[in-house]
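J.: need a structure here:
(one chain, ligands or ions: 1)
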Amino acid sequence: MSGTVEHHEVIVIGAGIAGLKCCQDLNEKGVDFLDIEARKRFGGRIYTDRTGKSNYELGPSWAHDTLTNPLFDEIVNSKDDYGLYYDDQNPYYFGEKLEDSDYRKFKVNQVVKELKKYIELVYYQELGRKDVSVKQIALDYIYRQRKLLTPEQIEYAPQFLRHLELWHGISWEHMSSKFALVDNVGRNCCLRNGYDQVINRIVESLPAKSLVKGVAVSKIEHSPKKIEVATTDGHHYTCDFLVVTVPQSILQLDPKETGGIEWMPKLPQRITEPLSNMDFGKLGKFVFEFSEPFWKHHDTDRFIAIATPKPDETKNVMESLDRNQVPSFVESNQKELPKPWDFPVLILNLYKVNHVPSLLCFTQGALTEYIEKNPEKAWSYMKPIISRLAKSPKDVLEPENVVCSQWTVNPYSRGSYAACTPGNDPTDLVIQLTRGMGNIRFAGEHTILDGAGAVHGAWISGKREARYILIKTGRMEGEIDF
Ligand SMILES: Cc1cc2nc3c(=O)[nH]c(=O)nc-3n(C[C@H](O)[C@H](O)[C@H](O)COP(=O)(O)OP(=O)(O)OC[C@H]3O[C@@H](n4cnc5c(N)ncnc54)[C@H](O)[C@@H]3O)c2cc1C
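T.: You can find the predicted model right below:
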């Protein structure tokens, strides 16, 4: 590297929650640092849209694991009003033709509960068991319980299980069943006044000169003696410690792509191998703002639109069961344009939560990609689904404003967060990234198991790496326990 070189004790790449938390802890101990962020704003995957009638979360909505979430504890004890709200009333389920009361009559939720227990049990009882997709394991369960299930339960319980797609952002056909179940430690709490407040508080506490935005890191050259960083605006930096907090999708990216980073020498195989064994989800969020709430159930926090079972698939399943065979599935053609009712959709009723006549829809994988690429099609896709919530079709209003997430099309995220397809195991990658490469450290939601994929996990990982540096430089007492 040539030209003027600026030196900092620590360089942090990325100013999402992991990078910013790391900077906050370093700053408190007087460490000289520079945080380089590619986007023109701070916060990364935390993004609160404030262009409409209310604040809308296009990234995270909830604090998870609230019994063991140290960031949440800080939020609860802060002077700021985050508008904490538990939107965890039972959701209202509805389908193309069926209502919540129908699914209740069929006792679908009871079967889904058992199906989840079945998934837990099979991997617990047989540790080396081959990981299969969520869709396949649902069919295995149906086969096992075939004499005890009604036709409606066989048809709809697997579709209910697909709500997991709206956690992981990938299709159930491609989702690891071993890592699919979500067992939150404590209730999930919504930050009604905006997650961006968490980011703003940290940014306000840091010296402005130590935060650079709108500039991407393009190259990292390293040897045991020297770490050098080059950016897209032609600047060169050296540092004693480097903390890399870019998303897993960016670490996996070809360096020639926008956002990609060239490593010299290349990342070691112990990191690249587990990296290539991980997937990245595509959770999307779409807000529809109306002049008034035309939907029924004003008092319900959440609606879940259940995908319509495909008649030929149901027929195949029934025929396999008649033949006493485990049903198997044919992968659906992702190239077809998504049709309403092909996918489950989670809808937050912001009239209940934030007192605005708006609905916030969550989508997964192929559907997210499609709508994020074609935001003008968001309403035409959702209209038939949302219309089912109206008292009568003539009550349905056109939205006054539509706000769409852009996670899959943004070069610095390229999706939502780390996800597992069958056979993936996040443990190895987490171990290798936590171990780091000497003074090159890694933080972010993909570098931690407790809080993996979540805001608080990313926050804890940023804290972990600041602590590492503070101990290594003699500013903090303690043992490095990883
Ligand atoms: C739609 C959606 C919903 C979610 N819902 C929840 C939820 O309800 N609760 C929850 O806890 N979590 C949720 N999450 C996950 C949560 O948002 C993330 O886990 C967390 O914000 C990740 O923080 P991070 O610091 O690891 O990464 P990021 O926030 O992505 O920060 C990394 C930063 O690196 C920057 N960067 C990338 N490449 C470069 C480069 N070459 N040079 C410089 N900078 C670069 C990026 O621009 C980014 O700002 C959700 C995420 C999404 C997308």
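J.: so where do the strands sit in the stretch 251-400 of the chain?
T.: 262-264, 279-280, 284-289, 302-305, 345-349, 358-363 (DSSP state E, counting those that start in this stretch).
J.: now the ones you listed as TSV including mean pLDDT, mean neighbour count and distance to Asn55?
T.: For every residue, glycine as well, the C-beta is placed using N, CA and C. Shown next, in TSV, are the strands of the stretch 251-400 of the chain (pLDDT from 0 to 100; neighbours: other Cβ atoms under 10 Å; distance: least, Cβ to Cβ, whole Å):
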stretch	mean pLDDT	mean neighbour count	distance to Asn55
strand 262-264	98	15	38
strand 279-280	96	22	26
strand 284-289	98	25	10
strand 302-305	98	22	18
strand 345-349	98	23	13
strand 358-363	98	24	11
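J.: Out of the ones you listed, which is closest to the ligand?
T.: Closest to the ligand of the strands of the stretch 251-400 of the chain, according to Cβ to the nearest ligand atom: strand 284-289, at 5.2 Å.
J.: quick one, which of the strands of the stretch 251-400 of the chain is nearest to Ile471?
T.: strand 262-264 (25.6 Å; Cβ to Cβ).
J.: ok, that closest one: who's next to it in the sheet?
T.: strand 217-222 (parallel) (DSSP bridges).
J.: Just checking, which helix or strand succeeds the strand it pairs with along the chain?
T.: Next in sequence after strand 217-222, counting helices and strands by DSSP states H and E, comes strand 227-231.
J.: elements contacting that next one?
T.: Judged by 3 or more Cβ pairs under 8 Å, 6 or more residues apart in numbering; DSSP states H and E, the packing partners of strand 227-231 are strand 5-13, strand 217-222, strand 236-244.
J.: Swap in 10 Å and give it another go.
T.: Contacts defined by 3 or more Cβ pairs under 10 Å, 6 or more residues apart in numbering; DSSP states H and E place strand 227-231 against strand 5-13, strand 33-37, strand 217-222, strand 236-244, strand 262-264.
J.: Run through who's touching the helix or strand bottoming out on mean pLDDT in the chain.
T.: Every helix and strand of the chain was ranked by mean pLDDT, DSSP states H and E. The lowest is helix 311-322, at a mean of 91. For helix 311-322, the surrounding residues in contact (Cβ atoms under 10 Å, 6 or more residues apart in numbering) are 135, 138-139, 142-143, 146-147, 149, 151, 154-156, 158, 309-310, 325-330, 332.
J.: Which one of the helices and strands packed on strand 227-231 lies nearest to Ser176?
T.: Per Cβ to Cβ, nearest to Ser176 of those: strand 236-244, 25.7 Å.
J.: The closest one vs strand 217-222, what angle?
T.: 90 degrees (axes from the mean of the first three to the mean of the last three Cα atoms, to 10 degrees).
J.: tell me the mean pLDDT for strand 236-244?
T.: Strand 236-244 shows a mean pLDDT of 98.
J.: shift numbering so it begins at 305
T.: Taking 305 as the first residue, the last one we looked at is strand 540-548.
J.: Now do that strand: which elements does it pack against?
T.: strand 309-317, helix 321-332, strand 337-341, strand 521-526, strand 531-535, strand 744-746, helix 759-776.
J.: Dump the ones you listed into TSV; add mean pLDDT and mean neighbour count as well.
T.: TSV is the format used below for these (pLDDT from 0 to 100; neighbours: other Cβ atoms under 10 Å):
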stretch	mean pLDDT	mean neighbour count
strand 309-317	97	20
helix 321-332	98	25
strand 337-341	98	24
strand 521-526	98	19
strand 531-535	98	20
strand 744-746	98	23
helix 759-776	98	24
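J.: Take the ones you listed and write them to JSON lines, including distance to the ligand.
T.: Below are the helices and strands packed on strand 540-548 laid out as JSON lines (distance: least, Cβ to the nearest ligand atom, whole Å):
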{"stretch": "strand 309-317", "distance to the ligand": "5"}
{"stretch": "helix 321-332", "distance to the ligand": "3"}
{"stretch": "strand 337-341", "distance to the ligand": "5"}
{"stretch": "strand 521-526", "distance to the ligand": "4"}
{"stretch": "strand 531-535", "distance to the ligand": "7"}
{"stretch": "strand 744-746", "distance to the ligand": "10"}
{"stretch": "helix 759-776", "distance to the ligand": "4"}
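J.: how about JSON lines for the ones you listed, with distance to Asp353 added?
T.: Output for the helices and strands packed on strand 540-548, formatted as JSON lines (distance: least, Cβ to Cβ, whole Å):
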{"stretch": "strand 309-317", "distance to Asp353": "25"}
{"stretch": "helix 321-332", "distance to Asp353": "18"}
{"stretch": "strand 337-341", "distance to Asp353": "19"}
{"stretch": "strand 521-526", "distance to Asp353": "27"}
{"stretch": "strand 531-535", "distance to Asp353": "28"}
{"stretch": "strand 744-746", "distance to Asp353": "29"}
{"stretch": "helix 759-776", "distance to Asp353": "17"}
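J.: Distance to Cys327 for the helices and strands packed on strand 531-535 - can I get that in a markdown table?
T.: What follows is the helices and strands packed on strand 531-535, written out as a markdown table (distance: least, Cβ to Cβ, whole Å):
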| stretch | distance to Cys327 |
| --- | --- |
| strand 309-317 | 6 |
| strand 337-341 | 5 |
| strand 521-526 | 15 |
| strand 540-548 | 9 |
| strand 566-568 | 22 |
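J.: Do a quick rundown of the helices in the stretch 305-454 of the chain.
T.: Taking DSSP state H, counting those that start in this stretch as the test, the helices found in the stretch 305-454 of the chain are 321-332, 374-381, 404-409, 412-429, 438-448.
J.: pLDDT below threshold where in the stretch 305-454 of the chain?
T.: Applying pLDDT under 70 to the stretch 305-454 of the chain flags residues 305-307.
J.: let's see 90
T.: Residues of the stretch 305-454 of the chain meeting the criterion pLDDT under 90: 305-308, 431-432.
J.: What parts of it come near the ligand?
T.: Residues of the stretch 305-454 of the chain lying close to the ligand (Cβ under 6 Å from any ligand atom) are 317-323, 340-343, 348-350, 363-366, 368.
J.: if we can go back for a sec, quick one, the least confident helix or strand of the chain and helix 438-448 angle?
T.: 40 degrees.
J.: Check the helices of the stretch 305-454 of the chain for me and report the most buried one.
T.: helix 321-332 (a mean of 25; mean count of other Cβ atoms under 10 Å).
J.: quick one, it and strand 337-341 angle?
T.: Using the same axes, to 10 degrees: helix 321-332 against strand 337-341 is 160 degrees.
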